[in-house]
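Q: Predicted model, plus sequence, below.
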Amino acid sequence: MHGYRLDTSCSIFTAEAVAIYRAIQLIDSNMPRKYCIYTDSMSVLEALENYDDRCHPVVCKILDITSRLYSKGFDIVFCWLPSHVGIIGNEQADSAAKSATTHLPLAVPLSDMKRVIMHHIFKIWQESWSQQLDNKLHSVKPVIEHGL
């Protein structure tokens, strides 16, 4: 069992994709066999199934490696399992992820950085807006909403 710590800017989606990516990297490319990779991340599985031009960089890496392995005769299946329902292996994986201390150097995807930057901008904007107590609109709309 392996556990890694990612940059705090990484999204949960990125972390789940990295877990699948790291699992695929453990496959011995010299011995074609059948593999089943279990995950509780339906969103990553859907991203793998519905590839498009704006593919998440880690999803693209997964697709690249699996494509090369398929061409060498490997049979790799991704299997979804529900989370938090007492499946022992899944609970162990969650525990390993939460207690991981080894930092995995990974470039933070642009989509994750955009989310962090937007969150910071809205936080600053809200702090400024919260000081506008003499503004009539402030009493009507005290909290700035954003689509994050």
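A: On my side now, so go ahead.
Q: switch to C-alpha atoms for all contacts and neighbour counts from now on
A: OK.
Q: And Q126, its phi and psi?
A: phi -60, psi -40 (degrees, to the nearest 10).
Q: which stretches of the protein have low pLDDT?
A: For the chain, residues meeting the criterion pLDDT under 70 lie at 84, 88, 90-94, 96-102, 147-148.
Q: Distance of the residue lying farthest from the centre of it relative to K141?
A: Centroid-distance maximum for the chain: D134 at 42.5 Å, with CA atoms, centre = their mean. According to CA to CA, to the nearest Å, D134 and K141 sit 13 Å apart.
Q: and if you look at V108?
A: 34 Å.
Q: of those two, who's got more company?
A: V108 (17 against 10; other CA atoms under 10 Å).
Q: what residues are up against that one?
A: D7, S9, C10 (CA atoms under 8 Å, 6 or more residues apart in numbering).
Q: mind listing what V58 touches?
A: Counted by CA under 8 Å, 6+ apart, V58 has contacts T14, A17, V18, Y21.
Q: how about the third one, secondary structure?
A: In other words, V18. Under DSSP: H, G, I helix; E, B strand; the rest coil, the three-state class of V18 is helix.
Q: residue contacts, it?
A: By CA under 8 Å, 6+ apart, the residues touching V18 are V58.
Q: Repeat the analysis, applying 10 Å as the threshold.
A: Residues near V18 by CA atoms under 10 Å, 6 or more residues apart in numbering: Y4, L6, I12, I24, V44, V58, V59, K61, I62, L104, L106.
Q: hmm, back to that, out of the contacts of V108, which end up buried?
A: C10 (16 or more other CA atoms under 10 Å).
Q: which two in the contacts of V58 are spaced the farthest apart?
A: For the contacts of V58, the farthest-apart pair by CA to CA is T14 and Y21; their separation is 10.2 Å.
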